[in-house]
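[1] sharing a model prediction with you, sequence too.
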Amino acid sequence: MKTEYKQDRFLGKTQTHHNDDKDITVINNSRNTTENTVKKSLQNINANKNGINKFLFSVFIAICFLSGSLSLAQDHNKENKDKAEKLANDKNDKLDLKKLEDKYWSAKDTDFNVVQNRTYAKTKKTFVSLSYGPLVNDAYSYGRMTNLSGGYYFSERLGLEIAYEQASIKNNESTDTFIKQNQFAPDYNIMKNYTSLNVVLVPFYAKMSFWDRKILYFDMQFAFGVGQMKYQIQKVNGNPVTNTGVEADEDKTALGYNFDVTQQLFFHENFAVRFDIKNKWSKQTKERYFIQSGQSRDLGDTTQQDTTMLLGMTFFY
């Protein structure tokens, strides 16, 4: 019995020892399981971290893409907006030009002035002119005219002038040939002098370049006037066949009116060169140069035009 007890005790110890090994094994297995679980958890955590990082990176890429898209869209919208504003501005400019055109060129509103500085002014200045030139339109006479005039400019556009034009005229070659060789003469009058009172209008003032070296200033004016024409009726008392007789030229006067065109070229505030085309009309009595027995000398009245071209100078003070 004792031996069995020992055996039993030994067996018990053995059994007990065996049970401890099992516990250790169980503990080791539990530890391994726990470690594996922890490792799996860590792996899952790492996997989750990697997933989160990938997710965040994906979100970052998406945000960058969306930002770029929005920026491009904004730039595109801004460009379209700028184009639209430019088109609107261009359209508004065209409309403004149309308004300006309607304002300044419409028949209802034509009261506007062009502003231009004048180097040589005439306003409130007195002037004296002297000019000389030929009579250009007389079929029976030729000669030279001397014109003396003076006046006053109330403004740059308006003035008043008194003019006196003296003629020095002779028969031209054709008339002398008719009278001396053919015993025949035309019936004509010749101008002696013309005195007029004129209203001067100056609508044009301009500048021009002379050989790219000097700026020249000039104006163009028109004179409308009335005056007294003194003329001479050409006639002789005698025999036209033998060409003998006594000159019986007769001086007469008539009311005349004139229209003159003048261009002045300024070289100094007190001096200008002028070119005139003067036209005069008057109603004159006409008579026969020769008369034969039974003929009347009187040929009635006729309107005579005399045109002269003169070159001269104007002095302002």
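    Alright, I've got the coordinates.

[2] how about stretch 126-136: buried residues?
    In terms of neighbour count (16 or more other C-beta atoms under 10 Å), stretch 126-136 has its buried residues at 127, 129, 131, 133, 135. In this view, the C-beta of every residue, glycine as well, is placed from N, C-alpha and C.

[3] among those residues, which pair sits farthest apart?
    127 and 135 (24.5 Å; C-beta to C-beta).

[4] longest strand in the protein, by number of residues?
    strand 189-210 (DSSP state E).

[5] state the mean pLDDT of it.
    Model confidence over strand 189-210, given as mean pLDDT, is 94.

[6] now swap in stretch 305-316 and tell me
    On average, stretch 305-316 scores 97.

[7] for that stretch, list the C-alpha coordinates in CSV.
    C-alpha atoms of stretch 305-316 as CSV (Å, rounded to 0.1, in the frame of the first residue of the first chain):
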residue,chain,number,x,y,z
GLN,A,305,-18.5,143.3,-117.2
ASP,A,306,-14.9,144.2,-116.4
THR,A,307,-12.5,141.7,-114.7
THR,A,308,-9.1,142.5,-113.4
MET,A,309,-6.4,140.3,-111.8
LEU,A,310,-4.2,142.2,-109.3
LEU,A,311,-1.1,141.4,-107.2
GLY,A,312,-0.2,143.6,-104.3
MET,A,313,0.5,144.1,-100.6
THR,A,314,-1.6,144.7,-97.5
PHE,A,315,-0.3,146.6,-94.4
PHE,A,316,-2.1,146.1,-91.0
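
[8] buried residues in it, which are they?
    306, 308, 310, 312, 314, 316.

[9] show me where the protein has its strands.
    Using DSSP E, strands in the chain cover 125-134, 141-153, 158-171, 189-210, 214-233, 236-239, 244-247, 250-268, 271-287, 298-316.

[10] go through those strands and name the closest to residue 118.
    Comparing the strands of the chain by C-beta to C-beta, strand 189-210 comes nearest, at 6.9 Å.

[11] name the helices or strands packed onto the closest one?
    strand 141-153, strand 158-171, strand 214-233, strand 250-268, strand 271-287, strand 298-316 (3 or more C-beta pairs under 8 Å, 6 or more residues apart in numbering; DSSP states H and E).

[12] mind putting the buried residues of stretch 126-136 in CSV, pLDDT and distance to residue 156 included?
    Formatted as CSV, these follow (pLDDT from 0 to 100; distance: C-beta to C-beta, whole Å):
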residue, pLDDT, distance to residue 156
127, 97, 13
129, 98, 17
131, 98, 22
133, 97, 26
135, 95, 32
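
[13] of these, closest to residue 256?
    Scanning these for proximity to residue 256, where the rule is C-beta to C-beta, the winner is residue 135, at 14.9 Å.

[14] who does the closest one form a beta bridge with?
    Residue 135 forms beta bridges with residue 308, as assigned by DSSP bridges.

[15] now swap in residue 160 and tell me
    Beta-bridge pairing of residue 160 under DSSP bridges involves residue 152, residue 199.

[16] so what's it scoring on pLDDT?
    On pLDDT, residue 160 comes in at 97.

[17] ditto for residue 175
    In this model, residue 175 is scored at 88, pLDDT.

[18] that one against residue 169, yeah?
    No. Under the criterion of C-beta atoms under 8 Å, residue 175 is not in contact with residue 169, lying 11.0 Å apart.

[19] any shared contact partners between the two?
    Listed contacts common to residue 175 and residue 169 are residue 141; contacts here mean C-beta atoms under 8 Å, 6 or more residues apart in numbering.

[20] any low-confidence regions in the protein?
    Residues of the chain meeting the criterion pLDDT under 70: 1-60, 62-84, 86-97, 100-117, 238-245.

[21] any chance of a markdown table for the strands of the chain, columns distance to residue 118?
    Below are the strands of the chain laid out as a markdown table (distance: least, C-beta to C-beta, whole Å):
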| stretch | distance to residue 118 |
| --- | --- |
| strand 125-134 | 12 |
| strand 141-153 | 12 |
| strand 158-171 | 15 |
| strand 189-210 | 7 |
| strand 214-233 | 8 |
| strand 236-239 | 56 |
| strand 244-247 | 54 |
| strand 250-268 | 9 |
| strand 271-287 | 13 |
| strand 298-316 | 13 |
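
[22] wait, which of the ones you listed is closest to residue 119?
    strand 214-233 (5.6 Å).

[23] does anything pack onto the closest one? Which helices or strands?
    strand 158-171, strand 189-210, strand 250-268, strand 271-287.
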